[in-house]
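1. What shape does this take:
(chains A, B and C)
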Amino acid sequence: MFNVARHRPLFIALAPLLSVVAVVGLGAAVDSYWQYVLGMSLSAMLVGSALVMLTGYARCITLATGSIMAIGAYASAILTVKSGMPFAAAVIAGAIMGGAGGFLMALPSVRFRSHNLAMVTLVFQEVVIILLREWKSVTGGAEGLNVPAPHLFGVTISNDFIFLIVLAVGTSVGLLPLSILLQGAFGKNLRAMACSEVAARAYGINVKRNLIAAFTISSFAIALASALMAPRLRIIDPDSFGILPSIFALAYPIVGGTTSIWGGILGGGLLRAMPEILRPIADYIELGEALLVIGIVLFLPGGIIELFNRLHKIVTRGHFVKAGKLPDFISSERPPERGKLCSGENVAWAARIEELSVRYGALKAVDQVSLNVRQGTIHGLMGANGAGKTTLFNAVSGFIKPSGGSISVFGEALDGLLIEDRIRLGVTRTFQNVAIFSGLTCLENVKIGLGRNDIGTALARSVHGTFDTIRAREESETAMRALHSVGLSAYAYVRSELLSLGNQRRLELARAIVSNPKLLLLDEPVSGVAEEEVSKIHELLRRINRDHGITMLIVEHNIGFLASLCDRLTVLNHGRVVAEGEPKATVSLPLVRDIYFGEALVA
Amino acid sequence: MRESKISKCASLKRLFAASLLAAITVGGTFIANSARAEDGVTDNEILIGALGPLTGATAFVGGPARDGLQLGFEKINAQGGINGRKIKFIFEQAFSPAESVAAAKKLVEDHKVFVLILASGSTGAAAAADYVRASGIPTYNIVGGTPIIRNPFAKNVFHGAITDASKSAESLAELVKDKLKAPRSVGVLAGTYAFPQAELKGVQAHLKGIADKIDLEQFDQGARDYTSQLLAFKKQDAGAVVMLGSFSEAGFAIKQASEMGLSNLVWVLAGTAATDGIIPIISPNIPRDVWSYSFTPFLPGQKAPTMDEFNALWTKRYGAPPAGRPNLYDMIGYGSAFVLAQALNKTGPNLTRDRLIAVWSTLQDAKPSNLGGIDVTYPESFSETDHQGNKVRGQAHIVNGAWVVVPNTNH
Amino acid sequence: MSELIMILVGGVKIGSIYALAALGIVVIHKATRVVNFAQGGLVLLGAYGAYVFIVEMRWPYWMAYVVIPAIVGCVAVLIEIVVLRRMRRGDLFPVVIATIFLGIALSEGYRLSTRAEILSVPSFVSTMPFVIGSVVISPEQLWVTFGALLAAAAGIAIFQHGRVGRSMRAMASNVRGAQLCGYSIDRVYGMTWFLGGALAGYAGVFTAPVRGVSSELAIATVAAAFVAAVIGGFDSLIGAVAGGLILGVSETLAAAYISSAMKSAISFLLLFVVLAIRPQGLFAPKKVRSV
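-> Okay, the predicted model is just below:
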């Protein structure tokens, strides 16, 4: 029997092509002028979708869309005119050059965020346009370049409807990979990154590389759209690809919706056709568009797609499970796999921290701390505010570079290792301020925890996901099991930001254990959690440690929680270890009590 | 179980989105589709379309051209129209090449106009010209000087008041030769955008024989600061500056020059700067020698009975004119309306596009007064091989705070 | 040599207007974290206001320097209240988008409201140059330069000293803490936007005779102001002013000695070089590390 559910991802990936078909169908019913307009809409749909990836998912404000379009149009036009390259090949070449342009632009840009990033893209935009304008011998300069009608299979295409079909095919070639990537692991990683860079890096998502990839892929698509459209414009000049068209292109994903490819399709298609539909009030179009964008940003931040989502929710009431109170544990029905960690009787050190120091100028935040965590145990770390425990923690997880000393995990040194690479050594962590990836479902959050997130793997996983291969299903099952073990399997398809704080902490935990880590770092796991939930999380951590044998290093202020949970406790004060040992005994030490409760030592 | 529910709802959602997009475009099609005339000619109407920029940097061309055309056609209709048919005039806004092709297609394929008028300069007109050459519709290019519209020659394209940019360049060089004594050191100030660059080649070529020293400086579109360029001219002791740019750019260059002590320069401006909009910018220290060429016998600010008549007519129709209006393009639009009307008239009641093109190619001495209009443009004549209607360029000079055409200097 | 001086004078003049516009952006950013891409639109508003005030209403010219900045300041506050207040809690991305399109809305609104291509405003002082040796300078150049820099200095003084400025700096440094000390976000943000808008208004009144009033003024100004702010250091007030002057001078120098056609390319390359070498800006305050 044909399993619809199984092929759902494939249908979702192919669905945008339906809109292309719809446009062509519409084109059959109208005159050649409207066929021309629909052609422009198709091109804009591709641009919009590409911008959903870059501006919507990766949250990069790019002011360089015009220049990328210019590269695509000029490259393919020049190749056609000067070297007689066939249209299809020239378009692909133009797209590749656009992608290369995006790559070059991204290299210096991805150090920056927000307005600085926008400024670097602005530099690229302006410099490219000036180059095109001044390189008169090749590009025709400011007066523009005449783009002849394209030849395809020996036929010159001058009929508007035939061209519409050609555009449809070309647009589909661009839309399909975008669709696969946006709904797949790559898209999820981009959104995770935009949500919490810190957490994304901790799970192997290299922010810079992902941004460069996003720039390159979206630029390829944008240049493709522009190269396809160039013959229709007849004359291309640098001015058509200036800063204003770049800004108005930003409106496509903003108005359409930044959360799915449909936003780009809707936004691009509508906004590109709008000036033609609204010709009688042509003068007011730009003002209208600007006000529309502002209105959307204020009142409908999810874009027009948001309207559909809301309608959808009204129509299918109670479709998703509302976040409720913390469920009781479901003890695992399947015996959990015990990792290789627990094999063997040798006492192995999960982590060795030797003489670690972190200095800020003259301030010694961490002063020659040595700490060893036994494999399979829970090791607690406590200290007053400013004692250095967060700094120490951040040094182990890679967020701070130590000034001296060394850290090793299961014999492997962590020194100098990038944050993104630590998950490969089996080090995962949770965060003090819950850093789940909102906008993604719980299942998607946990899948990122698997750590298979370098660019090549993410791209491959996107394809796997679309075709629902064995590998993709294995991933889902593993992620479900992790959710199950923290008691959140009912929330697998719920958006993670809808969960209560306690549930979000569990989600973080599921994300942290799904990769079967060797060392799990927990940063204040019960901070801000209500009393009855504290004990539940206590139980949960115990269970995870017992069933999966995961070694844990926990920083916590809640002394009762920590002392009863951990096997060994270290106390820091002013950056130094002041006590270490069995929890209850350590906590009762007069020195420790003095630090915490101010019980003065009798002099 | 829950999954298939999601999939059904999700694909419903997708379908909804696609249908909405389709519905809006279809709805838009029906809303936007106005009068559909068969071939542009009915028993009592002739449909004439025009396109030009109403927004953007060259808005001072399209809007006024539209107003001038409107004024002319209304006068002709008031007198009974053309062989019993009234003119229906549609204007579509078009600035960039993309918009220009769209506007041309809309007019020709959607509105199905009988004749198309290009009231657009530069790249927009070039894009539309490409389209009209392919479509064969009678086309009247009234303000475009760039060579791309004229080459290659097309038998359905006619050019009106404004001449080829290369010819205009010759006029500029002639002005330099006329107003500046040898030895001549000339500065050329050119915008980096399309239309000045089109004129630049011709200017440099024609100046070679006339000037001993030529220094080229450029500026970006919309530039207002010319410190470095003017200093370069000062360094080489330029006696004249040929300025290729808009009136606002020229205005600020002239203004800044006098602020920098360059008060004895002979300024030779491209035709687009010969509009009274420049006057407030360069006041109160208007240099003695600001020259340009003119495609019309008068300029709007000129004290002449013809201009008074025209200004009165314009004000009666459109109200008190804002600063700088009516300008050159109001006049060209107006005059062009009459030339076209005469071509249509001469073709007779049996109006087809081919017949119009044939008759137009024999039109001689077409001027507004032939049909009761005001002669604010030169008479236009066409032949089978020469489709440039007006070939006259006169000298223009700023005198007493307004541009005037200097009489007896036509060539 | 005299040529070099004249180039510097010209560069400093346009630079001081950039400085004023950049300062407004940095003031708003320092206190509210919002990057105001609508600053160019506000400058345009100021320039148009100057035209109406001086040319149409024929009111005393000097009063324009007092009234127009106040009006533009109020418009800026209005923008903060009507548009940005709703978005205060969320992340900054939609805010940036909103200000970009607000700037466009302002310039389009201006363009639609006037049929004239460009509006001319006379200069406040004489434009007839005087000669010192072989250097030609006009009083207008001096007036614009010193006037703009004076206004900038006043803006900086207000921010650095005075009660109003203290509250802005407190807000910039720690929102919650400042609130606990009794500062109201609404009032402080309002005053910040007023100050930023007033600086834009000043820039507009100085710009109007120099560039004329047209809708391209908005984008041209905001691009230059941003480049200046980034060069100088986005969170440094002195940096904004210095960045503006550096930009103006290097643009003019580049146009004179390298190529006038590549003038804007050079300013963008300068921006790129600064971002590559010292991304926090040339005059950024020393980075303070949080422990």
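2. CA only for contacts and neighbour counts going forward, please
-> Fine.
3. Run through the residues that contact B:Glu109.
-> Contacts of B:Glu109 were listed using CA atoms under 8 Å, 6 or more residues apart in numbering or on different chains, and they are A:31-33.
4. most surrounded residue in these?
-> When the contacts of B:Glu109 are compared by neighbour count (other CA atoms under 10 Å in any protein chain shown), A:Tyr33 ends up highest, at 24 neighbours.
5. With chain B as the reference, measure out to it.
-> 5 Å (CA to the nearest CA, to the nearest Å).
6. The contacts of B:Glu109 into JSON lines, with extra columns for secondary structure and distance to chain C?
-> Converted to JSON lines, the contacts of B:Glu109 look like this (DSSP: H, G, I helix; E, B strand; the rest coil; distance: CA to the nearest CA, whole Å):
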{"residue": "A:Asp31", "secondary structure": "coil", "distance to chain C": "32"}
{"residue": "A:Ser32", "secondary structure": "helix", "distance to chain C": "32"}
{"residue": "A:Tyr33", "secondary structure": "helix", "distance to chain C": "28"}
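7. In contact with residue 190, which residues?
-> Since you didn't name a chain, this refers to chain A. Residues in contact with A:Leu190, defined by CA under 8 Å, 6+ apart, are A:57-58, A:210-211.
8. wrong chain, I was asking about chain C
-> Taking CA under 8 Å, 6+ apart as the definition, contacts of C:Gly190 comprise C:77, C:80-81.
9. Apply 10 Å and report the result again.
-> C:Gly190 sits next to C:32, C:73-74, C:76-81, C:85, C:184, C:196 when contact means CA atoms under 10 Å, 6 or more residues apart in numbering or on different chains.
10. would you list those in CSV and tack on pLDDT and distance to B:Ala169?
-> Supplementary listing: those in CSV, determined by pLDDT from 0 to 100; distance: CA to CA, whole Å:
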residue, pLDDT, distance to B:Ala169
C:Thr32, 87, 54
C:Gly73, 96, 48
C:Cys74, 96, 50
C:Ala76, 96, 48
C:Val77, 95, 51
C:Leu78, 95, 51
C:Ile79, 93, 49
C:Glu80, 92, 52
C:Ile81, 92, 55
C:Arg85, 85, 56
C:Ser184, 82, 65
C:Gly196, 94, 47
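11. Show the pLDDT at the residue nearest the centre of chain A.
-> Closest residue to the average C-alpha location of chain A: A:Leu190 at 2.0 Å, with CA atoms, centre = their mean. Turning to A:Leu190, the model gives it a pLDDT of 96.
12. Next SSE downstream of the helix or strand containing it?
-> In the assignment (DSSP states H and E), A:Leu190 maps to helix A:185-195. Using DSSP H and E, the helix or strand that follows helix A:185-195 towards the C-terminus is helix A:197-202.
13. can the helix or strand following that next one be found next to chain C?
-> From helix A:197-202 onward toward the C-terminus, using DSSP H and E, the following helix or strand is helix A:207-233. No - applying CA under 10 Å from any CA of the partner chain, one finds helix A:207-233 separated from chain C by no less than 15.6 Å.
14. got the angle between helix A:207-233 and helix A:185-195?
-> With axes from the mean of the first three to the mean of the last three CA atoms, to 10 degrees applied, the angle from helix A:207-233 to helix A:185-195 works out at 110 degrees.
15. Name the residues of helix A:207-233 that are buried.
-> For helix A:207-233, the neighbour count (16 or more other CA atoms under 10 Å in any protein chain shown) marks A:207, A:210-233 as buried.
16. Starting from it, tell me the next helix or strand along the chain.
-> If you walk from helix A:207-233 toward the C-terminus, the next helix or strand you reach (DSSP H and E) is strand A:235-236.
17. Tell me which other helices or strands that following strand touches.
-> If you count contacts as 3 or more CA pairs under 10 Å, 6 or more residues apart in numbering or on different chains; DSSP states H and E, strand A:235-236 packs onto helix A:65-83, strand A:145-146, helix B:97-105, helix B:122-135.
18. nearest to B:Leu231, of those?
-> For the helices and strands packed on strand A:235-236, proximity to B:Leu231 was assessed by CA to CA; helix B:122-135 is nearest, at 30.0 Å.
19. Next, the angle from the closest one to helix A:207-233.
-> Here helix B:122-135 runs at 50 degrees with respect to helix A:207-233, directions being taken by the same axes, to 10 degrees.
20. C:Val121 contacts C:Gly212, doesn't it?
-> Yes - contact between C:Val121 and C:Gly212 holds when scored by CA atoms under 10 Å: they sit 6.4 Å apart.
21. what sits against C:Ile132?
-> C:Ile132 sits in contact with C:Ser2, where contact means CA under 10 Å, 6+ apart.
22. how close does it sit to chain A?
-> 38 Å.
23. Please apply the same query to C:Val136.
-> C:Val136 sits at a distance of 32 Å from chain A (criterion: CA to the nearest CA).
24. State the phi and psi torsions of that residue.
-> For C:Val136, the backbone dihedrals are phi -110, psi 120 (criterion: degrees, to the nearest 10).
25. what's the burial count for it?
-> Using other CA under 10 Å, the number of residues around C:Val136 comes to 19.
26. Chain B versus that one, what's the distance?
-> Taken as CA to the nearest CA, the spacing of C:Val136 relative to chain B amounts to 6 Å.
27. follow-up on the earlier one: just curious, which of the contacts of C:Gly190 is nearest to chain B?
-> Relative to chain B, the closest of the contacts of C:Gly190 is C:Gly196; by CA to the nearest CA it sits at 24.6 Å.
28. Which residues of the stretch 151-291 of chain C lie near chain A?
-> Counting by CA under 10 Å from any CA, the stretch 151-291 of chain C sits next to chain A at C:219, C:223, C:226-227, C:230, C:234, C:261-272, C:275-276, C:279-280, C:289-291.
29. Just the residues you listed: which are in helices?
-> The helices in this structure, assigned by DSSP state H, contain C:219, C:223, C:226-227, C:230, C:263-272, C:275-276 from these.
30. Count the residues that sit near the residue nearest to C:Gly281 when sequence neighbours are not counted.
-> Nearest-residue entry for C:Gly281: C:Gly233, 3.6 Å, with adjacent residues in sequence omitted and distances by CA to CA, 6 or more residues apart in numbering or on different chains. Burial measure for C:Gly233: 27 neighbouring residues, criterion other CA under 10 Å.
31. List the contacts of stretch B:175-185.
-> Taking contacts as CA under 10 Å, 6+ apart, the residues outside stretch B:175-185 that touch it are B:169, B:171-172, B:186, B:207, B:209-215, B:233, B:236-242, B:265-269, B:289-293, B:395-396.
32. Could I get the average pLDDT for it?
-> In this model, stretch B:175-185 has a mean pLDDT of 89.
33. just stretch C:263-276 next, same as before
-> 87.
34. And for stretch A:163-180?
-> pLDDT averaged over stretch A:163-180 gives 95.
35. swap in stretch A:525-541?
-> Computed over stretch A:525-541, the mean pLDDT rounds to 86.
36. Just the residues contacting stretch A:291-300, thanks.
-> Stretch A:291-300 is contacted by residues A:248, A:250-252, A:254-257, A:285-286, A:288-290, A:301-304, A:306-307, C:82-87, C:93-95, C:97-102, C:104-106 when judged by CA under 10 Å, 6+ apart.
37. Low-confidence regions, the chain specifically.
-> All of this is about chain A. Counting by pLDDT under 70, chain A contains low-confidence residues at A:1-6, A:315-347, A:599-603.
38. right idea, wrong chain: chain C
-> Applying pLDDT under 70 to chain C flags the ranges C:89-90, C:286-291.
39. What ranges does it have for its strands?
-> When assigned using DSSP state E, the strands of chain C occupy the ranges C:130-132, C:135-137.
40. Near chain B, list only the ones from the buried residues of helix A:207-233.
-> Among the buried residues of helix A:207-233, the ones lying close to chain B by the criterion of CA under 10 Å from any CA are A:229-230, A:232-233.
41. Mark which of the contacts of stretch B:175-185 are part of helices, please.
-> B:169, B:171-172, B:207, B:233.
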